[in-house]
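Peer 1: build me a model from this:
(2 chains)
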Amino acid sequence: AQSVTQLDSQVPVFEEAPVELRCNYSSSVSVYLFWYVQYPNQGLQLLLKYLSGSTLVKGINGFEAEFNKSQTSFHLRKPSVHISDTAEYFCAVSDPNDYKLSFGAGTTVTVRA
Amino acid sequence: NAGVTQTPKFQVLKTGQSMTLQCAQDMNHNSMYWYRQDPGMGLRLIYYSASEGTTDKGEVPNGYNVSRLNKREFSLRLESAAPSQTSVYFCASSKQEPPYEQYFGPGTRLTVT
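Peer 2: Numbering: from 1, shown residues only, chains lettered A, B, ... in the order given. Next comes the predicted model:
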C-alpha cells in the first residue's frame, strides 16, 4: 500500500496571500493522485485529481496541483486565498493494483483577514 | 441524485450501548468504505466492501462489524460502544475501476460517554 505524507499539519495564511500544501507519496509506480477538501463540519469533497498527461492539474475554486514523478510529490497551490478556503485538505493516492485510497494525515488551512 | 447519505448525523451513546450507522449510495458503485476521523490522525479505514456480499477489514476494525445489505447500503455496527470510539465516521463509495475516486457522505459525529 502507498504511504502519503503531508508535510505541514497547520498552515496559517493571510487573505489574498498564496498558499502551498505539500504532499509526498511512497512509490514511483504509476499512481492516481487526489486532493480532497473538508470544510468545517462537512464531508470530504474532491478538489482535483491527476490521472495522466499534463503534470499541472487545475481544480475547483482556483486550486491547482503539480505532479512530479521524480520527487513523488503532488503539491497543491492557490495564488490568492479567501476566508472561505479555511478548511482541512487531504492528499490521497491510489495505484492500479489497489482500489483503496491511501490518505495523508491532513493539513489545516486557516485564512485570516 | 443524493450521492452518499448517512444517518444519523449525531449520536450520543453510553459505554456498552450498541448502535448501527447507516450508509446508502445511489451512484451504482460497487465498492463502499467506512472511515473514522480523529484529530491529527487523518482518515483511518475501518472496513470496506469491494462488492455486494463481500467485506474486509481495514486498518482499525476492532470493536466494529459491518453488513453490505445490498449494492446500495453498507452499515457499520458498534456492538458495545467504548469511549475510544468517540469519533466522526464517514462512509464513502467508489467504482471498482481506475482511478478509484471516492465519494463521501456528510459524516456521523458519535460521542460515547
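
Peer 1: can you tell me what sits against the lowest-mean-pLDDT helix or strand in chain A?
Peer 2: When each helix and strand of chain A is scored by mean pLDDT, DSSP states H and E, strand A:98-103 comes last, with a mean of 86. Contacts with strand A:98-103, where a contact means CB atoms under 8 Å, 6 or more residues apart in numbering or on different chains, come from A:1-4, A:25, A:34, A:90-94, B:31, B:33, B:42-43, B:45, B:48, B:50, B:58, B:94, B:96-97, B:100, B:102. Yep, even glycine has a C-beta here, placed from its N, CA and C like the rest.

Peer 1: mark which of the residues you listed are buried, thanks.
Peer 2: Among the contacts of strand A:98-103, the ones that count as buried by 16 or more other CB atoms under 10 Å in any protein chain shown are A:2, A:4, A:25, A:34, A:90-94, B:31, B:33, B:42-43, B:45, B:48, B:50, B:58, B:94, B:100, B:102.

Peer 1: and the average pLDDT for stretch B:94-108 is what?
Peer 2: For stretch B:94-108, the mean pLDDT works out to 90.

Peer 1: okay, now the unreliable bits of chain B?
Peer 2: Along chain B, no part satisfies pLDDT under 70.

Peer 1: can you do 90?
Peer 2: B:1-2, B:39-42, B:51-53, B:69, B:96-100 (pLDDT under 90).

Peer 1: residues of it that sit close to chain A?
Peer 2: Contact residues, chain B versus chain A (CB under 8 Å from any CB of the partner chain): B:4, B:31, B:33, B:40-43, B:45, B:48, B:50, B:58, B:90, B:92, B:94, B:96-107.

Peer 1: show me what contacts the closest residue to B:Q6 other than its chain neighbours?
Peer 2: Once flanking residues are discounted, B:Q6 sits nearest to B:G105: 4.0 Å by CB to CB, 6 or more residues apart in numbering or on different chains. By CB under 8 Å, 6+ apart, B:G105 lies in contact with A:43, B:3-6, B:23, B:90-92.

Peer 1: stretch A:52-67 and chain B in contact?
Peer 2: No. Contact of stretch A:52-67 with chain B (CB under 8 Å from any CB) is absent, the minimum separation being 9.3 Å.

Peer 1: list the buried ones in that stretch?
Peer 2: A:57, A:59, A:63-67.

Peer 1: quick check: the farthest pair among these?
Peer 2: A:F63 and A:F67 (14.0 Å; CB to CB).

Peer 1: closest to the centroid, which residue in chain A?
Peer 2: A:W35 (3.6 Å; CA atoms, centre = their mean).

Peer 1: just the element for it, please.
Peer 2: strand A:32-38 (DSSP states H and E).

Peer 1: that strand vs strand A:98-103, what angle?
Peer 2: Relative orientation of strand A:32-38 and strand A:98-103, computed by axes from the mean of the first three to the mean of the last three CA atoms, to 10 degrees: 50 degrees.
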